[in-house]
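**Student:** One predicted model, sequence on top.
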Amino acid sequence: MKSGIEAAMTKKVWNEGRYIGRKPPFTSEQVQLIKLSLKARGEERDLLLFCMGLDSSLRGVDLVKIKVKDVFDKENGVKDPFQVIQSKTGRGISCILTNETKRYLADYITKRSLSNDSYLFTSLYDKEGTGKHITPDHYRDLIKKWLKSVGLNYKMFASHSLRRSRTSHLYKETGNLRACQLLLGHSNIQNTASYLGIEEEQAHEIARKHPL
């Protein structure tokens, strides 16, 4: 019969093989790698979904519900910025897309002849965009698929990695936490600092500079 210590040593740890804590944002290199992979495979819906998730910093639950009329005007083209009401808070948020993403968006809508009331992100079997939007769970599964396709460890990342990537890069480049707060739709700037892991990162940097 095993002793208490032996039993504790052989017992499976609940978080074994898992990455616990805040998921890191994607680096510029990882972003380009995923984009190139999606382009090479001709996965237009997924390329647009990835780019809009990256640019908008929206939660998955809000991103998958976007309709054509939310982001596109047939007379004036892509809205800049476009507005989204956040499901979690009920507050509005303004989203800005890069020129690259705007091109993908306009081409995608035109090629599929989507109507104003069409959801952008529907099943691949729904060629005319008349069905329901994909679910947040489907969105998370797609992220895993993209990561696997380029050889990245999907367990290290999550949908929030995509949400915080642009703002993390922005903060490192400018130090403007208020801009990050607005882009993420946070009501409290401390929430933004915590969400981006700024204080933790600063603590790590101090520790590296002052070893024992």
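**Tutor:** Nice, thanks for sending it over.

**Student:** tell me the contacts of the spatially most central residue of the chain?
**Tutor:** Centroid check for the chain by C-alpha atoms, centre = their mean gives L162 as the closest residue, at 2.5 Å. L162 makes contact with F26, F50, G53, L54, I143, according to C-beta atoms under 8 Å, 6 or more residues apart in numbering. To be clear about C-beta, it is placed using only N, CA and C from the backbone, and glycine gets the same treatment.

**Student:** average pLDDT for the longest helix along the chain?
**Tutor:** Ranked by residue count under DSSP state H, the longest helix found in the chain is helix 159-174. In this model, helix 159-174 has an average pLDDT of 91.

**Student:** Show me what counts as buried in it.
**Tutor:** Neighbour-count burial for helix 159-174, counted by 16 or more other C-beta atoms under 10 Å, picks out 159-171.

**Student:** can I get the CA coordinates of stretch 158-175 in PDB?
**Tutor:** Written as PDB, here are the backbone C-alpha positions of stretch 158-175 (Å, rounded to 0.1, in the frame of the first residue of the first chain):
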ATOM      1  CA  ALA A 158      -7.200  31.500 -26.800                       C
ATOM      2  CA  SER A 159      -9.700  33.900 -28.400                       C
ATOM      3  CA  HIS A 160      -8.600  36.600 -26.000                       C
ATOM      4  CA  SER A 161      -5.100  36.300 -27.400                       C
ATOM      5  CA  LEU A 162      -6.600  37.700 -30.600                       C
ATOM      6  CA  ARG A 163      -8.600  40.300 -28.700                       C
ATOM      7  CA  ARG A 164      -5.700  41.700 -26.900                       C
ATOM      8  CA  SER A 165      -3.000  41.500 -29.600                       C
ATOM      9  CA  ARG A 166      -3.600  44.900 -31.300                       C
ATOM     10  CA  THR A 167      -3.900  46.800 -28.000                       C
ATOM     11  CA  SER A 168      -0.800  45.100 -26.500                       C
ATOM     12  CA  HIS A 169       1.200  46.100 -29.500                       C
ATOM     13  CA  LEU A 170      -0.300  49.700 -29.300                       C
ATOM     14  CA  TYR A 171       0.600  50.000 -25.700                       C
ATOM     15  CA  LYS A 172       4.200  48.800 -26.200                       C
ATOM     16  CA  GLU A 173       4.600  51.300 -29.100                       C
ATOM     17  CA  THR A 174       2.900  54.400 -27.500                       C
ATOM     18  CA  GLY A 175       2.400  53.800 -23.800                       C
END
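
**Student:** Quick one: distance of that stretch to the chain centre.
**Tutor:** Distance of stretch 158-175 from the chain centroid (C-alpha atoms, centre = their mean, to the nearest Å) equals 9 Å.

**Student:** next one: stretch 139-156
**Tutor:** On C-alpha atoms, centre = their mean, the centre of stretch 139-156 falls 12 Å from that of its chain.
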